[in-house]
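Asker: What follows is a predicted structure for the sequence shown.
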Amino acid sequence: MASAGGIRVSEVKRLKRHTAFVDALKTVGMPRGWAQHHTCIFWRPPYRQDKCTKVAALNFAALDYRISGKSSSTWSLARPFLPARLQTLSDQGFKVVVFANQCWVGTSALDHPQDVTASLTQHLPQLVDDFHRFLAFVAPVPVYVYIAVARRDVGDPFVMPSRAMWDLMLSHMAQEVDVASSFYVSGPEHRWGSPRDDAQFAEAVGLRVVSFEDFATGRMTAQMKAERASVSSATSVASERMERSAVV
């Protein structure tokens, strides 16, 4: 059945419920250390790197797709390479930023329209606890986290592959991002929707994509070293040519 404007009644109801969800999200208290903007909740570490110009952006699915209830010891078994990888990036001057779609929060709330606030009060702390376990595992690396919590089928701008979470992150930075030196780690190839969504998100924000496999195996680090060496060599050659021209 369609409404007068050609929109299905079910879609109208869904969008109305989404509006109620956004309103409720503004009123529920955020867990300590977390903040909320529209349908995105985010964490900024106490020791911030807002003046960094390079960003190492990671789809949380590249780190671990199913996180609920995982302890630090479970993380150690699933992703033992992770703390060292992220620490290396931080030491190299990258701001490490994790982006995540956790649309189940919005879906759950909209499935209980009579008490959206109660649903959020129950599920937000659960979500944050899961991410705190992840942050504890990679500590002391200062990691920024941006999470979209709206359901996928309401056209919310913060749900990837839309770029609103990236723009929110940019608004928190003190320096312009050096996009050419930054990159985005995509989710595992076997995950449904990941290649398409990741490619669209990376294109929208202007970042090159690094595969999860290259990130996990360390091939990414080798490629970055090779690129830096190539740039350094080209710069040296250009400088030498300029010096010869000056002598002539």
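Answerer: Happy to help now that I have it. Numbers count the residues shown, from 1 in each chain.
Asker: Need the residue closest to the centroid of this protein.
Answerer: Phe99 (1.2 Å; CA atoms, centre = their mean).
Asker: my guess is that residue is in a strand, correct?
Answerer: Yes. Going by DSSP: H, G, I helix; E, B strand; the rest coil, the assignment for Phe99 places it inside a strand.
Asker: Was I right to think it contacts Ala57?
Answerer: Yes. Phe99 sits in contact with Ala57 when judged by CB atoms under 8 Å, with a separation of 6.3 Å. C-betas here are computed from N, CA, C, even on glycine.
Asker: list the residues that contact both of those two?
Answerer: Shared contacts of Phe99 and Ala57 (CB atoms under 8 Å, 6 or more residues apart in numbering): Trp166.
Asker: can you pull out the helices in the protein?
Answerer: Taking DSSP state H, the helices of the chain run over residues 9-27, 60-63, 72-78, 82-91, 104-110, 116-138, 164-171, 194-205, 212-217, 219-247.
Asker: To Tyr47, which of those lies closest?
Answerer: helix 82-91 (10.3 Å; CB to CB).
Asker: how about that closest one: buried residues?
Answerer: Leu82, Pro83, Arg85, Leu86, Leu89, Ser90 (16 or more other CB atoms under 10 Å).
Asker: Using PDB, list the CA coordinates for it.
Answerer: What follows is helix 82-91, C-alpha atoms only, in PDB (Å, rounded to 0.1, in the frame of the first residue of the first chain):
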ATOM      1  CA  LEU A  82      47.000  -5.800  16.200                       C
ATOM      2  CA  PRO A  83      48.600  -3.800  19.100                       C
ATOM      3  CA  ALA A  84      52.100  -3.800  17.500                       C
ATOM      4  CA  ARG A  85      50.600  -2.800  14.100                       C
ATOM      5  CA  LEU A  86      48.700   0.100  15.500                       C
ATOM      6  CA  GLN A  87      51.600   1.200  17.700                       C
ATOM      7  CA  THR A  88      53.900   1.300  14.700                       C
ATOM      8  CA  LEU A  89      51.400   3.500  12.800                       C
ATOM      9  CA  SER A  90      51.000   5.800  15.800                       C
ATOM     10  CA  ASP A  91      54.800   6.100  16.100                       C
END
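Asker: Are there helices or strands packed against it, and which ones?
Answerer: The helices and strands touching helix 82-91, judged by 3 or more CB pairs under 8 Å, 6 or more residues apart in numbering; DSSP states H and E, are strand 94-101, helix 116-138.
Asker: between those, which one is nearest to Arg14?
Answerer: So among the helices and strands packed on helix 82-91, helix 116-138 is nearest, using CB to CB, at 13.0 Å.
Asker: Also compute the angle for the closest one relative to strand 94-101, please.
Answerer: 140 degrees (axes from the mean of the first three to the mean of the last three CA atoms, to 10 degrees).
Asker: From the chain's centre, how far out is helix 116-138? Work that out for me.
Answerer: 16 Å (CA atoms, centre = their mean, to the nearest Å).
Asker: Redo the buried residues of helix 82-91 as a markdown table? Include distance to Leu25 and pLDDT.
Answerer: Output for the buried residues of helix 82-91, formatted as a markdown table (distance: CB to CB, whole Å; pLDDT from 0 to 100):
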| residue | distance to Leu25 | pLDDT |
| --- | --- | --- |
| Leu82 | 30 | 89 |
| Pro83 | 32 | 91 |
| Arg85 | 33 | 92 |
| Leu86 | 29 | 93 |
| Leu89 | 31 | 93 |
| Ser90 | 31 | 93 |
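Asker: Out of the residues you listed, which comes closest to Asp50?
Answerer: Nearest to Asp50 among the buried residues of helix 82-91, counting by CB to CB, is Ser90 at 13.5 Å.
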